[in-house]
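1. predicted model and sequence follow; I will ask about them next.
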Amino acid sequence: QVQLVESGGGLVQAGGSRRLSCAASGRTFSSYAMGWFRQAPGKEREFVAAISWSGGSTYYAASLKGRFTISRDNAKNTVYLQMNSLKPEDTAVYYCAAAQGMGNMRDSPDYWGQGTQVTVSS
């Protein structure tokens, strides 16, 4: 069992940066691939980024690559999402997820966090 708690959301001006954190409980954190998703008002949840259990592989939604960076610290049981050059269209609830492997991340994560709201003002 893995429990995920996101933090770091809030209000940020367009062009600014924000770093989200996701703290995981459970001693098996380092065996899971981790990912971030987001859901904007009136839209479906969409994949943002994923990172392998070791941190050696990362994968991004094509539209976000270059602005967002995912990383993890297995010693702290935490995964991060650094978001730069934020735009109003990045406004969404951001969710952390854990999956048995990178291949499962986009379609069937095993665990979800509750989400953290990010609002980008123009």
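-> Thanks, I have the structure now. The structure presented is a predicted model; accordingly, all values stated were derived computationally and were not measured. Residues are numbered from 1 along each chain as shown.
2. give me the buried positions along the worst-scoring helix or strand of the chain on mean pLDDT.
-> Lowest on mean pLDDT, DSSP states H and E among the helices and strands of the chain sits helix 102-105, with a mean of 88. Across helix 102-105, burial judged by 16 or more other Cβ atoms under 10 Å covers 102, 104-105. Using the backbone N, CA and C atoms, a C-beta is placed for each residue, glycine as well.
3. cool, stretch 58-76 as well?
-> 58-61, 64, 68-70, 72, 74.
4. cool, and stretch 11-30?
-> For stretch 11-30, by 16+ other Cβ under 10 Å, it's 12, 18, 20-24, 29.
5. same thing with stretch 108-122?
-> Across stretch 108-122, burial judged by 16+ other Cβ under 10 Å covers 109, 111-113, 115-116, 118, 120.
6. which pair of those spans the longest distance?
-> Spatially, the most separated pair among the buried residues of stretch 108-122 is 111 and 120, at 26.9 Å (Cβ to Cβ).
7. now the spatially most central residue of the chain. Nearest residue, chain neighbours left out?
-> A centroid search over the chain (Cα atoms, centre = their mean) returns residue 36, at 2.4 Å, as the residue closest to the centre. Counting by Cβ to Cβ, 6 or more residues apart in numbering, residue 48 is the residue found nearest to residue 36 once chain neighbours are left out, at 4.2 Å.
8. what's the neighbour count on the one you found?
-> Neighbour count for residue 48, taken as other Cβ atoms under 10 Å: 24.
9. so which helix or strand takes in it?
-> Using DSSP states H and E, the element containing residue 48 is strand 46-51.
10. what pairs with that strand, and is each one parallel or antiparallel?
-> Strand partners for strand 46-51, identified by DSSP bridges, are recorded as strand 33-39 (antiparallel), strand 58-60 (antiparallel).
11. all set, thanks.
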